[in-house]
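**Student:** what follows is a predicted protein model with its sequence.
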Amino acid sequence: MQPSSPEGILRSMSEITEVRTAVNSASSIWPSIRRTSHRHALCGEPIRWWRILFVLAVTLLVSVRSSHSQPAPPANAQDFGLRLETGEITVGDGRKLLVTQNDQPTVGLFQLQSGRSRVLVMPDGSLQAFQENETTESDRPFEPIGKEELAKQLTEGPFPGFQTRTTRRYLYVYNSSDAFAIGTSRILETMYPGLLSYCRKMDVPVEEPEYPLVVIIFRTQDEFDKYRKMPEGVIAYYNAVSNRIVMYEQSRFADVAPELALKQAISTIAHEGVHQILHNIGTQKRMSNWPLWVSEGLAEYFAPTDVGRRIRWKGVGHVQDLRLHELVTFYRTQPQFSTQGKLLRQTIESNNLNSMGYATSWALVSYLAKHERRQFAEFFRDVSQLEPLGKTVPGQLFEKHFDTDYARLEQELVRYLNSLPYTDPIANQTHYVLMIKRRDRREALITSSPAELEKMATERTEGSVYQVRSFANRQLAEVFSKRWLKN
C-alpha cells in the first residue's frame with residue numbers, strides 16, 4: 001500500500017503567490033537534469049521581469065510517518081487480518097486439508113501453522129484460519145473456483161448490483177464506469193506477462209495462479225470507505241488475506257487537479273497490481289515479511305504508467321515521473337545534492353516509509369537493477385525465498401549483496417537520476433490563464449485546477465472584462481501571460 005497522510009495522498013495546495021520569474025526560468029529544475037518537456041520558441045529571448053499572480057494547484061505525495069533504524073519484528077498475523085494462536089510458526093507443506101466452510105466440506109492447501117492455528121489457501125485464493133482440530137488430511141482434490149462461480153458469489157453477496165468482467169486471469173467486479181474498469185484491466189493485463197517474464201529472466205521461480213485474481217472497483221470514495229475504512233488518501237490497496245485489490249474511481253480531488261489525480265490513481269492501481277501479481281505467481285510468498293524498501297521499491301519499479309493518448313503500462317523499469325519529481329525537488333534543498341548517505345540508510349533500514357521513502361526505494365531498485373545486475377538478481381532470488389511470518393533484520397540482506405558505503409552509493413544514485421529523461425508531472429499538465437482587464441491594469445492568473453479557475457473567475461472578475469486560455473504546460477502559460485501583460 002502506498003503512503004498516506006491525514007491530509008491525504010493528494011493534497012490541494014491552491015495558493016495565490018506573487019512571483020517574479022524570467023521567461024526561461026521554468027526549465028531549471030536540477031542543474032544538469034535532461035529535460036524532455038515542451039519548450040517554447042520564446043525561451044531564448046532576453047530576460048524581462050513581469051508581475052504575475054501565480055496560482056498553482058499542486059498535488060504532492062506526503063506522509064507524516066516516521067521511520068526508525070531498528071530490527072524489524074516478525075510480521076504479525078493480525079496485520080494480515082488473521083487471528084492466530086501465539087506459538088511456534090511452522091511453514092505449511094501445501095498438503096490438502098478438509099475443513100467446513102459455509103456448512104460445506106471444502107479442501108484447502110496448508111500454508112502455515114502458529115500454535116494450534118492453521119492458515120489455509122482456500123479455493124477462491126483467500127487465506128483463512130482454522131483450529132488444528134477443525135482440519136483433516138484429505139485425498140480429495142483441491143478445486144479452485146472458476147471465474148463465473150466466483151462472480152456469482154460476489155454479486156449475490158457483498159457486491160449486489162455490481163457488473164462483472166472476466167479476462168484470462170482476472171475477475172473485475174465493479175460499479176464504476178466501464179471506461180475506468182477497462183482502463184484498469186488494460187494496465188493489469190499488460191503488466192502481468194511483463195512481470196512474469198522479468199522474474200524468469202532473473203531465475204526467480206514463478207508459477208501461474210490456480211484461482212482468479214479479483215479486482216473490486218467502487219464508483220465513489222464514500223462507497224470505498226463504507227466497505228472498509230482506510231487512512232485518508234488511500235485510493236487502492238491489495239489485501240493479502242482476501243487476495244483482492246480494492247479501489248475506487250471518483251476521487252474528491254479530481255476537480256482540484258484532474259490530470260494529476262488521474263496520474264496518481266493509475267499509478268497506484270499499477271502499484272497494487274504488482275503486489276497482487278508477485279503474491280500469486282510465487283515470487284513473494286503470502287504473508288512473507290520482505291524488507292519494506294524492496295517490497296515497495298519493486299512495486300514502483302514494475303509499475304510505471306502513462307495517461308497520454310490512452311491509459312497504459314509503460315513497462316518494467318521505465319521512469320516514474322511522480323517519484324523522480326519528488327527526488328528532484330528534495331535534492332535541490334540539499335548541499336551538494338547529498339545527505340551523505342543518510343537518506344539511503346534510513347530507507348533501507350526503515351520499518352515505515354513515508355512518501356520520500358517510496359521515491360528513494362524506487363530509485364534504489366532502479367539503479368541496482370541497471371548498474372549492479374548480477375548482485376541484484378542474487379538479492380532478488382534471496383528475497384523471494386523469505387518464508388511467511390519470518391524474521392528479518394533491516395539492512396541485513398542488503399549488506400550481504402551490496403556495498404554499504406551509503407555516501408558513495410548516494411553520489412552514484414544522484415548521477416544516475418540525473419541521466420534519466422524527465423518530464424515534470426506537475427508543470428506538464430494543462431494550465432489555464434485567466435486574463436483580467438481592469439481600468440488601470442491587467443492581471444494574469446494561472447492555475448492547473450478547473451475548480452480553482454471557476455472560483456477565481458467568480459471572485460476576481462466582477463466589473464471587469466476577462467478571458468480564459470488553456471496551455472499544455474505551465475511554462476507555455478507563463479510565457480503567454482508575460483507577453484499579454486506586456487502588451
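**Tutor:** Sure, I can see it.

**Student:** hmm, V204 and R381 touching each other?
**Tutor:** Yes - because the distance of 5.6 Å satisfies Cβ atoms under 8 Å, R381 is recorded as touching V204. In this view, the C-beta of every residue, glycine as well, is placed from N, C-alpha and C.

**Student:** quick one: which of those two has more around it?
**Tutor:** Counted by other Cβ atoms under 10 Å, R381 and V204 do not tie: V204 has more neighbours, with 19 against 15.

**Student:** count of residues packed around the residue nearest to the more buried one when sequence neighbours are not counted?
**Tutor:** Counting by Cβ to Cβ, 6 or more residues apart in numbering, the nearest residue to V204 once its immediate chain neighbours are dropped is S384, at 5.0 Å. Using other Cβ under 10 Å as the criterion, S384 is surrounded by 20 other residues.

**Student:** do A261 as well
**Tutor:** The local packing count at A261 equals 21, with neighbours defined by other Cβ under 10 Å.

**Student:** where does it land in three-state SS?
**Tutor:** At A261 the chain is in helix, as set by DSSP: H, G, I helix; E, B strand; the rest coil.

**Student:** now the helices: where do they sit in the protein?
**Tutor:** Under the criterion DSSP state H, helices of the chain are mapped to 147-156, 178-201, 221-227, 258-280, 292-302, 321-331, 342-348, 355-371, 373-384, 396-401, 406-419, 450-460, 474-486.

**Student:** just checking, what packs against the shortest one?
**Tutor:** Put plainly, it is helix 396-401. Under the contact definition 3 or more Cβ pairs under 8 Å, 6 or more residues apart in numbering; DSSP states H and E, helix 396-401 sits against helix 373-384.

**Student:** quick check: buried residues in the helix it packs on?
**Tutor:** In terms of neighbour count (16 or more other Cβ atoms under 10 Å), helix 373-384 has its buried residues at 376-377, 379-380, 383-384.

**Student:** for the residue nearest to V204, give me its contacts.
**Tutor:** Shown here is S384, whose contacts under the criterion Cβ atoms under 8 Å, 6 or more residues apart in numbering are 204-205, 283-285.

**Student:** which of those count as buried?
**Tutor:** Of the members of those, the ones counted as buried by neighbours, 16+ other Cβ under 10 Å, are 204, 283-285.

**Student:** quick check: of the residues you listed, which lies closest to L127?
**Tutor:** When the buried ones among the contacts of S384 are compared for distance to L127 (Cβ to Cβ), K285 comes out closest, at 11.6 Å.

**Student:** what sits closest to that closest one if chain neighbours are left out?
**Tutor:** P388 (5.6 Å).

**Student:** how many other residues sit next to E210?
**Tutor:** For E210, the count of nearby residues is 14 (other Cβ under 10 Å).

**Student:** and K391, by the same measure?
**Tutor:** 13.

**Student:** just checking, it touches S288?
**Tutor:** No - using Cβ under 8 Å as the test, K391 is too far from S288 to be in contact (11.1 Å).

**Student:** N102: how many residues sit nearby?
**Tutor:** Neighbour count for N102, taken as other Cβ under 10 Å: 6.

**Student:** please apply the same query to the one 10 residues further on.
**Tutor:** By the other Cβ under 10 Å criterion, the neighbourhood of L112 contains 24 residues.

**Student:** wait, it sits on D93?
**Tutor:** No - under the criterion of Cβ under 8 Å, L112 is not in contact with D93, lying 9.9 Å apart.

**Student:** so where's the stretch 301-450 of the chain shaky on pLDDT?
**Tutor:** Scanning the stretch 301-450 of the chain for pLDDT under 70 picks out the ranges 309.

**Student:** confidence score at Q111?
**Tutor:** The predicted local distance difference test score for Q111 is 94.

**Student:** contacts only, for the closest residue to E85 other than its chain neighbours.
**Tutor:** Of all residues beyond its chain neighbours, the one nearest E85 is G115 (3.4 Å), with distances taken as Cβ to Cβ, 6+ apart. With Cβ under 8 Å, 6+ apart as the criterion, the residues that contact G115 are 84-88.

**Student:** now the buried members of those residues.
**Tutor:** Members of the contacts of G115 that pass the buried threshold by neighbour count (16+ other Cβ under 10 Å) are listed as L84.

**Student:** could you dump the contacts of G115 to TSV with pLDDT and distance to N352?
**Tutor:** Below are the contacts of G115 laid out as TSV (pLDDT from 0 to 100; distance: Cβ to Cβ, whole Å):
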residue	pLDDT	distance to N352
L84	88	23
E85	86	27
T86	86	24
G87	87	27
E88	89	28
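
**Student:** may I see the contacts of G115 organised as TSV, with distance to S126 added?
**Tutor:** Rendered in TSV, the data for the contacts of G115 read as follows (distance: Cβ to Cβ, whole Å):
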residue	distance to S126
L84	15
E85	20
T86	23
G87	23
E88	24
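
**Student:** list the contacts of the closest residue to H318 other than its chain neighbours.
**Tutor:** For H318, ignoring the flanking residues on the chain, the nearest one in space by Cβ to Cβ, 6+ apart is P304 at 4.1 Å. With Cβ under 8 Å, 6+ apart as the criterion, the residues that contact P304 are 267, 270, 313-315, 317-321.

**Student:** and if you look at K285?
**Tutor:** By Cβ under 8 Å, 6+ apart, the residues touching K285 are 279, 384, 386-388.

**Student:** with distance to P158 added, can I get these in a markdown table?
**Tutor:** As requested, the contacts of K285 are arranged in a markdown table below (distance: Cβ to Cβ, whole Å):
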| residue | distance to P158 |
| --- | --- |
| H279 | 21 |
| S384 | 33 |
| L386 | 32 |
| E387 | 32 |
| P388 | 26 |
